[in-house]
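In: please find the sequence and the predicted model below.
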Amino acid sequence: MSFEPIVAILLYIAATSLLGIKLYRPVDSQNKLRIIFLLFGFAALLLHAKFLYISITIGSGLNFSFFNVVSLIGCLVALIVMVTSLFRPLENLLLVLFPVAAIALLLEGLVPGERLLTTGTLSTGLRIHILLSICAYSLLMISAFQALLLAVQEKMIKAKRVAKVINILPPLQVMENLLVELIVIGFFLLSLSLVSGMMYIEDLFDQHLVHKTVLSIIAWVTYCILLWGRWAAGWRGKKIIRWALGGFITLLLAYIGSKFVLELILQRV
């Protein structure tokens, strides 16, 4: 493993530690820690992105191997949350997302793989489809972590640990609204991804995409029901959390699960 991923992993660990410490510090001392945390976090993401670029771009092709894609999604999710946290209360998600990005980067460096897509055979429409799919998956992954955080928050409030919740997390209504906003954006991108996939992918059976497409459509329907329940039936709390997690688990099986089976299991049989 080269120098960049090792330093990036150490920076991820340092940034996560600083964020954990910041939660229990007085408000007046949190700003200094936040500045250092942001510097460490963005530095880790920059080194992670540099290593990803080297790993994925190979000659005239793109290496979308399993661990490369996992690392790419981990980096992109952390980056989106990092940037969004400058304006919205998402920062505490990085307590989980930075370690996830670090583990993904470590696996990318230790377990090399190759699934080469020749750039000459990729049409503009197919490139747009790939980009939309990755962005949709990343945003809906963030929404899944937000749903888990909301579940923890509700449990702490029911256990009468309100003081800790107030110090660590924004109000419950803000957290719930933020979850729905993330799902709306992710659902929109997932819709575009499915439409573009149907337009530009020629043979589902030949390209082993049937199971991925079916699961993606099931996930789309799940998120569709969730948004209907929120806006038409006034769903809140546990119902939204369960449907959000159900939709993401289905999407996880569609994108990562199918890729894992095709590349790491079937190739070894």
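Out: Perfect, I can see it now.
In: now do the helices in the stretch 151-269 of the chain.
Out: For the stretch 151-269 of the chain, the helices defined by DSSP state H, counting those that start in this stretch cover 162-168, 172-200, 210-232, 238-252, 258-260.
In: please save the CA atoms from stretch 246-255 in CSV.
Out: Extracted C-alpha coordinates of stretch 246-255, given in CSV (Å, rounded to 0.1, in the frame of the first residue of the first chain):
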residue,chain,number,x,y,z
GLY,A,246,-35.9,-1.2,4.2
GLY,A,247,-35.4,0.8,1.0
PHE,A,248,-31.7,1.2,1.5
ILE,A,249,-31.2,-2.5,2.4
THR,A,250,-32.9,-3.5,-0.9
LEU,A,251,-30.7,-0.9,-2.7
LEU,A,252,-27.6,-2.3,-0.9
LEU,A,253,-28.4,-5.8,-2.2
ALA,A,254,-29.0,-4.4,-5.7
TYR,A,255,-25.7,-2.4,-6.1
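In: below-threshold pLDDT in the chain: ranges please.
Out: Where the chain drops to pLDDT under 70, the residues are 1, 26-30, 59-60, 113-122, 160-169, 200-209, 258-269.
In: from what I see, T213 and S193 are in contact.
Out: No - under the criterion of C-beta atoms under 8 Å, T213 makes no contact with S193, lying 10.7 Å away. All C-beta atoms are positioned from the backbone trio N, CA, C, and that covers glycine.
In: more neighbours: the two, which one.
Out: S193 (22 against 17; other C-beta atoms under 10 Å).
In: on that earlier part again, could I get the helices of the stretch 151-269 of the chain as a markdown table with distance to I58?
Out: Output for those, formatted as a markdown table (distance: least, C-beta to C-beta, whole Å):
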| stretch | distance to I58 |
| --- | --- |
| helix 162-168 | 43 |
| helix 172-200 | 23 |
| helix 210-232 | 24 |
| helix 238-252 | 27 |
| helix 258-260 | 18 |
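In: for G237, what are its contacts?
Out: By C-beta atoms under 8 Å, 6 or more residues apart in numbering, G237 lies in contact with 154, 176.
In: same thing but 7 Å
Out: E154 (C-beta atoms under 7 Å, 6 or more residues apart in numbering).
In: and if you look at the one 10 residues further on?
Out: For G247, the set of contacting residues under the criterion of C-beta under 7 Å, 6+ apart consists of 219, 222-223, 226.
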